[in-house]
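# No sequence on hand, only this structure:
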């Protein structure tokens, strides 16, 4: 059975906007969640289970958020949810090999467990439509103008989730013939008299609806993460005729630092700390000084790569602390600009970055102003692989 998934990303999320104090303009599915856009985490949760994944939406951030994933190019969304689903289904129908089964998933549900997706797929062997859902356990009250008017029996009540799964031909036909609005696709099958099965959902399958949900989603992700710490140390000698670049900032001085690249000792030691925390060697392993490709290279590229490696491993940077050791130049006047530059390169809040300086009290090579040394300590969180 060929399986496709529609990943819906056309909604704006007005309730989220109303509850958020961040001032960001992006839709909720493009907000960052532990180093990755919400919708990217949703896509990564679906991809192991499907043959084809088709995003549906028009936001320019969509393609960028899903860059590098093995997916089809996005198709335009519609004015309402059912319009977006129909657009996606019609696009799948035009494929050389249309799917047999289709999953429809909200791009704002980033933490759907693998077993939930697989349970939906397995149930489609015997049902035309399947949804994951969680049984209602709280007492339900009906109210008017803030006053309770009735207690609703909770027996048989379920909270619907996604991905919802369907026989592709059935859902396509219903979307072509029943064009009135529905809050989900299972309602189309219900209206047409097709039974829809329920499989067990998960409390972790949270839909990002209000700002507080981001904290709940972070909690879900963090349960499967372990802390890692890395230490970096680097030294570069002074050299005449070169610019002095420290932590991504050009610092006025009589000399620069010697090195194969731009010799940014601050970024180099920070990269080593990150690679060490990931147990991925040091900067020389990733960017060998013997390779002329990196000759006079802006070290910002190295730090961008180190940050990407954290995110590719499914983790995030907790904090980084860089110490520059030199008599001159004075680092204090430039420290804030350095913090901001490092934060930009790592795509984290500047509150997670510390840059400070010290001297060696005129002792040793730094005391003799022969060069600059730097140390860095980082803390990251990465998924527990289960390895000993």
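Okay, I see it. Keep in mind that this is a model prediction, so the values were computed, not measured.
# Distance check, residue 86 against residue 193.
Look at residue 86 and residue 193: by Cβ to Cβ, to the nearest Å, they are 20 Å apart. Every residue, glycine included, has its C-beta placed from N, CA and C.
# same question, residue 141
32 Å.
# Could you pull out the helices in the stretch 1-150 of the chain for me?
Secondary structure of the stretch 1-150 of the chain (DSSP state H, counting those that start in this stretch): helices located at 14-19, 38-46, 61-65, 81-93, 114-123.
# Count residues in the vicinity of residue 81, would you?
Using other Cβ atoms under 10 Å, residue 81 is surrounded by 20 other residues.
# got it, and residue 179?
Residue 179 has 12 nearby residues by other Cβ under 10 Å.
# There's contact between it and residue 80 in this structure, I believe.
No - applying Cβ atoms under 8 Å, one finds residue 179 not in contact with residue 80, separated by 10.0 Å.
# Any stretches of the stretch 251-388 of the chain with poor pLDDT?
Scanning the stretch 251-388 of the chain for pLDDT under 70 picks out the ranges 385-388.
# what do you get if the cut-off is 80, keeping everything else the same?
294, 296, 384-388 (pLDDT under 80).
# circling back: need the winner for burial among the helices of the stretch 1-150 of the chain.
helix 38-46 (a mean of 24; mean count of other Cβ atoms under 10 Å).
# contacting residues for residue 337?
residue 249 (Cβ atoms under 8 Å, 6 or more residues apart in numbering).
# you'd agree it is in a strand?
No - with DSSP: H, G, I helix; E, B strand; the rest coil as the criterion, residue 337 is located in helix rather than a strand.
# Check the spacing between it and residue 353 real quick.
Taking Cβ to Cβ, one finds residue 337 at 12 Å from residue 353.
# Grab the longest strand from the chain for me.
strand 225-239 (DSSP state E).
# Neighbouring strands - and their directions - for that strand?
Looking at strand 225-239 with DSSP bridges, its partner strands are strand 256-257 (antiparallel), strand 371-383 (antiparallel).
# Can you add distance to residue 98 and give the ones you listed back as TSV?
Listed next are the strands paired with strand 225-239 as TSV, based on distance: least, Cβ to Cβ, whole Å:
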stretch	distance to residue 98
strand 256-257	60
strand 371-383	35
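# mind checking which of those is nearest residue 109?
With Cβ to Cβ as the criterion, residue 109 lies closest to strand 371-383 of the strands paired with strand 225-239, at 19.0 Å.
# Mind listing what's buried along the closest one?
Of the residues in strand 371-383, 371, 372, 373, 374, 375, 376, 377, 378, 379, 380, 381, 382 count as buried by neighbour count, 16 or more other Cβ atoms under 10 Å.
# Pull the contacting residues for the first one.
For residue 371, the contacting residues are 235, 236, 237, 238, 257, 326, 365, taking Cβ under 8 Å, 6+ apart as the criterion.
# Include neighbour count when you put these into JSON lines, please.
As requested, the contacts of residue 371 are arranged in JSON lines below (neighbours: other Cβ atoms under 10 Å):
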{"residue": "235", "neighbour count": "16"}
{"residue": "236", "neighbour count": "21"}
{"residue": "237", "neighbour count": "14"}
{"residue": "238", "neighbour count": "20"}
{"residue": "257", "neighbour count": "23"}
{"residue": "326", "neighbour count": "22"}
{"residue": "365", "neighbour count": "15"}
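# can you tell me which two in those residues are farthest apart?
Maximum distance among these (Cβ to Cβ): 12.6 Å, for 257 and 365.
# okay, and the common contacts of these two?
Joint contacts of residue 257 and residue 365 (Cβ under 8 Å, 6+ apart) are 237, 371.
# The nearest residue to residue 194 once chain neighbours are set aside - how many residues pack around it?
Closest residue to residue 194 apart from its sequence neighbours, by Cβ to Cβ, 6 or more residues apart in numbering: residue 128 at 5.1 Å. Each residue near residue 128 was counted by other Cβ under 10 Å, and the total is 17.
# how near is residue 128 to residue 173?
Distance, residue 128 to residue 173, by Cβ to Cβ: 11 Å.
# which neighbours do those two share?
Between them, residue 128 and residue 173 share no contacting residue, judged by Cβ under 8 Å, 6+ apart.
# List the contacts of residue 1.
Neighbours of residue 1 in contact, by Cβ under 8 Å, 6+ apart: 100, 101, 124.
# can you tell me how far the residue lying closest to the first one once chain neighbours are set aside sits from residue 50?
Across the structure, with Cβ to Cβ, 6+ apart as the measure, the residue nearest residue 100 apart from its sequence neighbours is residue 1 (4.4 Å). From residue 1 over to residue 50 the distance is 11 Å, taken as Cβ to Cβ.
# What of residue 112?
12 Å.
# Which one's more surrounded, these two?
residue 112 (26 against 23).
# unless I'm mixing things up, residue 288 is touching residue 294, no?
Yes - between residue 288 and residue 294 there is a contact at 7.4 Å, judged by Cβ under 8 Å.
# which one of those two has more residues nearby?
More neighbours surround residue 294 than the other of residue 288 and residue 294, with 21 against 12 (other Cβ under 10 Å).
# That one against residue 262, yeah?
No - here residue 294 does not reach residue 262: they are 9.8 Å apart, not a contact under Cβ under 8 Å.
# okay, now the nearest residue to residue 59 once chain neighbours are set aside: neighbour count?
Distances taken as Cβ to Cβ, 6+ apart place residue 27 nearest to residue 59, at 6.1 Å, with adjacent residues excluded. Per other Cβ under 10 Å, the neighbour tally for residue 27 reads 22.
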